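*Asks:* Structure of the sequence below:
(chains A and B)
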Number of protein chains: 2
Amino acid sequence: MFESAEIGHAIDKDTYEARLPALREALLEAQYELKEQARFPVIVLINGVEGAGKGETVKLLNEWMDPRLIEVRTFDEKTDEELARPPAWRYWRQLPAKGRMGVFFGNWYSQMIQDRVHGDIKDGRLEQAINGAQRLERMLCDEGALIFKFWFHLSKQQMKARLKSLRDDPLHSWRISPLDWQQSRTYDRFVRFGERVVRRTSRDYAPWHVIEGVDANYRSLAVGQILLEGLQAALKAPTEPVRKAVANIGESIDKRSLIGSLDLSRHLEKDDYERQLIAEQARLAGLMRDKRMRRHALVAVFEGNDAAGKGGAIKRVAAALDPRQYHIVPIAAPTQDELAQPYLWRFWRQLPARGKFTVFDRSWYGRVLVERIEGFCSPADWMRAYGEINDFEEQLTDAGVVLVKFWLAIDEQTQLKRFKEREQIPFKRFKITEDDWRNREKWGAYRDAVGDMVDRTSSEVAPWTLVEANDKRWARVKVLRTINDALEAAFKKDKKH
Amino acid sequence: MFESAEIGHAIDKDTYEARLPALREALLEAQYELKEQARFPVIVLINGVEGAGKGETVKLLNEWMDPRLIEVRTFDEKTDEELARPPAWRYWRQLPAKGRMGVFFGNWYSQMIQDRVHGDIKDGRLEQAINGAQRLERMLCDEGALIFKFWFHLSKQQMKARLKSLRDDPLHSWRISPLDWQQSRTYDRFVRFGERVVRRTSRDYAPWHVIEGVDANYRSLAVGQILLEGLQAALKAPTEPVRKAVANIGESIDKRSLIGSLDLSRHLEKDDYERQLIAEQARLAGLMRDKRMRRHALVAVFEGNDAAGKGGAIKRVAAALDPRQYHIVPIAAPTQDELAQPYLWRFWRQLPARGKFTVFDRSWYGRVLVERIEGFCSPADWMRAYGEINDFEEQLTDAGVVLVKFWLAIDEQTQLKRFKEREQIPFKRFKITEDDWRNREKWGAYRDAVGDMVDRTSSEVAPWTLVEANDKRWARVKVLRTINDALEAAFKKDKKH
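*Replies:* Okay, here's the model as predicted:
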């Protein structure tokens, strides 16, 4: 969920100062238009880890916007009046009116995550709070509200470094509350529960935007840009501003992307490869025959650039196994029967029984990759798909399915080389079509879509594994090892219960 | 929730046979049109108490429709294949394709309610199952499906009588499974949890239709009619069939209505009235001063026909109390500030603190009464309001608010008499306007809207009280007594915890 916010996003001072004036002016203009139309309110939720710049960003927004039209609300300790009424009362009384913006700094999410982190509530109550939040936001959106949800993120290392630098700076040490230090210790729990809450409450009508908080220039521009684009889209929409306004997801501000941050030079020598491959294959064979496997099923999803070597990797996985144990499902354009059903249907019907293994060569992620990029479905359709896919995968993992998801990444040069090889080798020529060449023009669109996909569907229970695949050997071994590690982790978890 | 399904709906044989041929023909026609368009699938969920005619209705549907285009699915014991996969797999594999109808007899709801009734799961897990069902149905609807959910209801007495008559009839005694008899014993739990499930999962995109199951003619015609109207609307809609198709809620088939079933001749003699009124007023004063009241707040909602005596009843309640304890909120057309917020906002801001009492003279139910009938909001808006109101009231009662809701009912003649009196008494003349006379023409529309309202928002935690108000004395005493009983019940419940 937070993968894209740990890659060191940054914007240098010159770029920042060059871009700021236009952004501020456009934001102000949008704000006046919002007031003029007075058709809908804007609610901005600010959440995330301590030290990631939440406070600074709120301060900045206040400076940038017309303070008469923006209200910042903090929700700390409940007042007597608030304690005497239902919990949501404090939020309702602070809702911005149509035409105005309300920034909720500390809100229903901070409350439920803190309560869970400190053990005041258990999973069942957290679940209820999540559902309450979903119903509240759904209702607000149905009533016309435009909701932005920002999650400010720092990796654990980044947070520790930031807290330390603040402490050492006499001008800023007052900023660190005891809570901050406490959170440094509870970081893991905070991020784990935060991830769950973000995953479960990111819906097409009110998605989360995860912002890497290390670099102040980056995070400020990113927040400003997302607000601006969302506002402009909503102001232009004739009715129902909400659904379409949030179409803009992601969009890298500093041209740094999750995929771009991979080290594609990783490789294995032939000897190492052969040794490791055989070892991992033997390990997989053993794990699949392990009696603990009877309580689980295994699903492996393979996605990746064209010619990234999905087929070859799948072959190496299959080679370890008895053909009765696994089933490979290649996903192409849907059949007529499949088109007559919800898009997840064709995957549900292929799920393995306990003890079995299904490999999906391309998968349900087509919805947010090719279907998004080629326009085979509407933006509303692929936007709601993130939530639906998370629901789907949660059902799998709840039922004991071990789910591994691979994106095999290569760079454009490597792809070009492989395409040309394919054209020259007679038995590989069937693998290359006009479509493949055409897809190369959409390299950037795929990079963005993959970034969104990983950010919105990588979770504790079903993480994505990005595989550096310029070197096929490296890729194949990493795939096998990841599957084996996931199986072992699942077996180990069984024992605990 | 089930009020309207315990009033003895019935249709005589002649009427039934006269109406049946046209209904069957229209249903068949709609079914062929559905196949022809092949734009969306239809899913019919059959749930409810044993003996209420679920099986018979499914059988009938199969006779009425073209069996090649309708598939009845029963979900009893899980097969080995189903046990080896995630729970929802069995439903996914049986989904009807676009253009076809699937009748799910036994489904996700039967499962979760049975599990809860028999104590296999607790409230937390039931909550999760409810959310899972909501997400599944939301997704199916987003994918185009048209969903009908039927709840077949019998009152406890009706159920016992029906089981007995089946047993005594040698031709039918085979129909009674041990489960039926067991359910007779667990009726109360079944209806309590069923009510919660129906309330929580009745959403605008897939509302429940509650059918009284005693009379076979009535329930068959009711189900057929609802299916027909829903289908026809969806087939006519150019896109997104779902949302609009379910606009048709309720509509009495046999002209029997919940409101019509009230015995409006109820009355009190003057002596009795004065004695009982004083006693109940003293009781209320005592309860409001009780120290257990510190953990609660009291909210009373007054709705009713024009001139039904809301004002007079409220006055008698207030007379018992210190003015610092209560607050009366008259609800008229919303102000400009209120229009700039979600419609529930004006009520949230008036909620009483613990220990206090707020009387709403008209309320949030305006959304599903006057706003529905006058077209002040769209059908989609008032349809989603039932769910939003249930969410709202659940938050109140969760926070310890004791919520009583009154509909004061009079008949048309009584209203006419009171209108005329008002015109003649100088100090009452301000109470009668052109609007009041105009509203009389909408008597039928209000009767239907009130029936829907009570069916969809009366619940264990926040029941409606229908007050026979032709006699003002009877009404005032009933109102006071209901409030007192509710407070006492809440205090008693505290002790248990």
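
*Asks:* quick one: low-confidence ranges for chain A?
*Replies:* Applying pLDDT under 70 to chain A flags residues A:170-184, A:239-252, A:496-497.

*Asks:* Tell me which residue lies farthest from the centre of it.
*Replies:* The outermost residue of chain A relative to its centre, with distances by C-alpha atoms, centre = their mean, is A:Pro426 at 40.6 Å.

*Asks:* show me the contacts for that residue.
*Replies:* Neighbour list for A:Pro426: empty [criterion: C-beta atoms under 8 Å, 6 or more residues apart in numbering or on different chains]. Yep, even glycine has a C-beta here, placed from its N, CA and C like the rest.

*Asks:* try the one 10 residues further on
*Replies:* The neighbours of A:Asp436, taking C-beta under 8 Å, 6+ apart as the test, are A:Asp306, A:Ala307, A:Phe419.

*Asks:* list the contacts for A:Arg189?
*Replies:* A:Arg189 neighbours (C-beta under 8 Å, 6+ apart): A:Val117.

*Asks:* what about it, helix or strand, and which?
*Replies:* helix A:187-201 (DSSP states H and E).

*Asks:* Next, the angle from the next helix or strand after that helix to helix A:187-201.
*Replies:* With elements assigned by DSSP H and E, the helix or strand that comes after helix A:187-201 is strand A:208-212. Orientation check (axes from the mean of the first three to the mean of the last three C-alpha atoms, to 10 degrees): strand A:208-212 against helix A:187-201 gives 150 degrees.

*Asks:* Report the backbone C-alpha coordinates of strand A:208-212 in PDB.
*Replies:* What follows is strand A:208-212, C-alpha atoms only, in PDB (Å, rounded to 0.1, in the frame of the first residue of the first chain):
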ATOM      1  CA  TRP A 208      -6.800   7.600  -0.400                       C
ATOM      2  CA  HIS A 209      -3.800   9.500  -1.800                       C
ATOM      3  CA  VAL A 210      -0.600   8.300  -0.200                       C
ATOM      4  CA  ILE A 211       2.100  11.000   0.000                       C
ATOM      5  CA  GLU A 212       5.700  10.300   0.800                       C
END
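
*Asks:* Would you mark the buried spots in it?
*Replies:* Buried residues in strand A:208-212, counting neighbours by 16 or more other C-beta atoms under 10 Å in any protein chain shown, are found at A:Trp208, A:His209, A:Val210, A:Ile211, A:Glu212.

*Asks:* And A:Leu227, how far from A:Lys417?
*Replies:* For A:Leu227, the distance to A:Lys417 equals 42 Å [C-beta to C-beta, to the nearest Å].

*Asks:* Of those two, which one has the most company?
*Replies:* Neighbour comparison, A:Leu227 and A:Lys417: the larger count goes to A:Leu227, with 25 against 14 (by other C-beta atoms under 10 Å in any protein chain shown).

*Asks:* Need the three-state assignment for the more buried one.
*Replies:* When classified by DSSP: H, G, I helix; E, B strand; the rest coil, A:Leu227 comes out as helix.

*Asks:* isn't it right next to A:Ile43, touching?
*Replies:* No. Using C-beta atoms under 8 Å, A:Leu227 is not in contact with A:Ile43, being 11.7 Å away.

*Asks:* just to revisit the earlier point, so which of the contacts of A:Asp436 are in helices?
*Replies:* A:Phe419 (DSSP state H).

*Asks:* Of the contacts of A:Asp436 - the most surrounded one?
*Replies:* A:Ala307 (22 neighbours).

*Asks:* returning to what we had before: list residues touching both of A:Leu227 and A:Ile43?
*Replies:* A:Phe148.

*Asks:* Kindly report the residues of the stretch 151-300 of chain A close to chain B.
*Replies:* A:Ala297 (C-beta under 8 Å from any C-beta of the partner chain).

*Asks:* how about the strands in the stretch 351-497 of chain A?
*Replies:* A:357-361, A:401-409, A:464-468 (DSSP state E, counting those that start in this stretch).

*Asks:* okay if I get those as a markdown table plus distance to chain B and mean neighbour count?
*Replies:* Formatted as a markdown table, the strands of the stretch 351-497 of chain A follow (distance: least, C-beta to the nearest C-beta, whole Å; neighbours: other C-beta atoms under 10 Å in any protein chain shown):
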| stretch | distance to chain B | mean neighbour count |
| --- | --- | --- |
| strand A:357-361 | 11 | 21 |
| strand A:401-409 | 7 | 22 |
| strand A:464-468 | 20 | 21 |
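
*Asks:* This completes my enquiry, with thanks.
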